[in-house]
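Asks: pasted the sequence and its predicted model underneath.
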Amino acid sequence: MAVFCGAACRRTSFWCSRLLSTYVTKTLEGVLAKFGQDAQRIEESVLIGCSDQREAWFALDLGLKSSSSKHVSLPQSEMEAELKGSFIKLRKVLFQLNSTDSSLLFTMAPVVITLVSDGPRCLLARQSSFPKGFYSALAGFCDIGESVEEAIHREVAEEVGLEVERLEYSASQHWPFPNSSLMIACHATAKPGQTEIQLNLRELEAAAWFSCDEVVSALKRTGTSMQPKDETFPFSLPPKLAIAHQLIKEWVEKQTCSSLSAQ
């Protein structure tokens with residue numbers, strides 16, 4: 001794999017949407033046309049990051065002498081001259097870039113799963129695809145180049161409109177569904193005075209604060225599947241196999257509850 005270093009082509013957009021400016025589109029179309037390539041290839045580009053200024057960064061495989069490319073190979077030296085830069089092996093360039101630029105080179109996308117609490121309560125949420133009454137911790141994919149801490153702050157803010165602090169790592173777990181992801185589980189505390197939930201209905205169906213006693217009762221009814229043992233109970237929690245169950249149980253064990261300890 002080679003990385004291009006030189007003048008960068010950036011697609012500017014709001015909130016990293018795939019909207020091309022006319023100027024950038026024409027520039028890329030001109031470069032591709034010069035080498036006998038269809039301008040439609042622009043649509044094959046991949047979002048690789050987003051700046052603090054809300055600039056979306058995309059990457060396009062030029063297929064430089066690559067036998068795996070489905071397109072005609074492009075001449076590397078001529079392409080470098082046209083783009084006023086050079087292609088460098090990934091292993092070599094990685095140590096020449098700053099942390100912001102180097103983060104654009106990584107493609108693994110783990111999932112952060114976070115149990116948010118405000119002290120005596122924890123926040124649980126559900127998606128419309130969940131079984132009836134099923135609630136769990138907040139979860140979402142890390143964006144490319146994003147740290148676990150950054151992903152937690154962003155996901156919590158996007159899904160329930162809260163700011164969090166005091167992040168604490170719990171454990172990790174390989175989870176085969178839906179796309180074989182590495183789950184990174186953490187605890188987070190809502191900032192004082194930041195407990196009003198602003199639900200993102202595009203991501204979640206419901207979210208609410210639950211007391212320790214409520215959670216303990218739900219844990220006692222938790223089996224080995226997502227289906228609750230008792231459908232008459234107000235809500236159910238993740239099965240014991242899931243790392244979300246561990247997060248919730250850890251939180252319960254730190255609380256002073258009037259109920260008996262969770263099983």
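Replies: The structure has been received and is ready for your questions.
Asks: verify the stated contact: residue 120 with residue 211.
Replies: Yes: in this structure, residue 120 is within contact of residue 211 by CB atoms under 8 Å, at 6.6 Å. Where C-beta positions appear, they are placed from N, C-alpha and C, glycine not excepted.
Asks: look at these two and report which has more neighbours.
Replies: More crowded of residue 120 and residue 211, by other CB atoms under 10 Å: residue 211, with 15 against 12.
Asks: the more buried one reaches residue 118, doesn't it?
Replies: No: taking contacts as CB under 8 Å, residue 211 lies outside contact range of residue 118: 10.9 Å.
Asks: residue 96: what's it in contact with?
Replies: The contact partners of residue 96, by CB atoms under 8 Å, 6 or more residues apart in numbering, come to residue 88.
Asks: wait, what's in contact with residue 122?
Replies: Listed by CB under 8 Å, 6+ apart, the contact partners of residue 122 are 115-116, 209-210, 212, 215, 248, 251.
Asks: how about 6 Å then?
Replies: Contacts for residue 122 (CB atoms under 6 Å, 6 or more residues apart in numbering) come out as 115, 210, 251.
Asks: over to residue 45?
Replies: Residue 45 touches 58, 60, counting by CB under 6 Å, 6+ apart.
Asks: re earlier: quick one: the contacts of residue 122 as JSON lines, columns for neighbour count, pLDDT and secondary structure too.
Replies: Shown next, in JSON lines, are those (neighbours: other CB atoms under 10 Å; pLDDT from 0 to 100; DSSP: H, G, I helix; E, B strand; the rest coil):
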{"residue": "115", "neighbour count": "23", "pLDDT": "98", "secondary structure": "strand"}
{"residue": "210", "neighbour count": "20", "pLDDT": "95", "secondary structure": "strand"}
{"residue": "251", "neighbour count": "20", "pLDDT": "95", "secondary structure": "helix"}
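Asks: make a markdown table out of those and add distance to residue 182.
Replies: Formatted as a markdown table, the contacts of residue 122 follow (distance: CB to CB, whole Å):
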| residue | distance to residue 182 |
| --- | --- |
| 115 | 18 |
| 210 | 27 |
| 251 | 22 |
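Asks: show me the shaky parts of the stretch 1-150 of the chain.
Replies: Within the stretch 1-150 of the chain, the ranges that satisfy pLDDT under 70 run 1-26, 63-74, 90-92, 94-95, 99-100, 102-107.
Asks: strands of that one, residue ranges please.
Replies: Ranges of strands within the stretch 1-150 of the chain are 2-6, 11-12, 46-50, 55-59, 85-89, 111-117, 121-126, 138-141, based on DSSP state E, counting those that start in this stretch.
Asks: can you put the ones you listed in CSV and add distance to residue 152?
Replies: What follows is those, written out as CSV (distance: least, CB to CB, whole Å):
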stretch, distance to residue 152
strand 2-6, 29
strand 11-12, 27
strand 46-50, 17
strand 55-59, 22
strand 85-89, 33
strand 111-117, 5
strand 121-126, 13
strand 138-141, 9
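Asks: for these, which one ends up most surrounded?
Replies: strand 111-117 (a mean of 25; mean count of other CB atoms under 10 Å).
Asks: what helices or strands is that strand leaning on?
Replies: When contacts are defined as 3 or more CB pairs under 6 Å, 6 or more residues apart in numbering; DSSP states H and E, strand 111-117 packs onto strand 138-141, helix 148-160, strand 181-190, helix 243-254.
Asks: residue 52 is nearest to which of those?
Replies: Evaluated over these, closeness to residue 52 peaks at helix 148-160, with 11.0 Å, by CB to CB.
Asks: hmm, who's touching that closest one?
Replies: Residues outside helix 148-160 that contact it (CB under 6 Å, 6+ apart) are 112, 114, 116, 138, 140, 142, 162, 164, 167, 184, 188, 197, 200, 203-204, 207.
Asks: redo that, cut-off 8 Å
Replies: Outside helix 148-160, the residues that touch it by CB under 8 Å, 6+ apart are 110, 112, 114, 116, 123, 125, 138-143, 146, 162-164, 167, 169, 184, 186, 188, 197-200, 203-204, 207.
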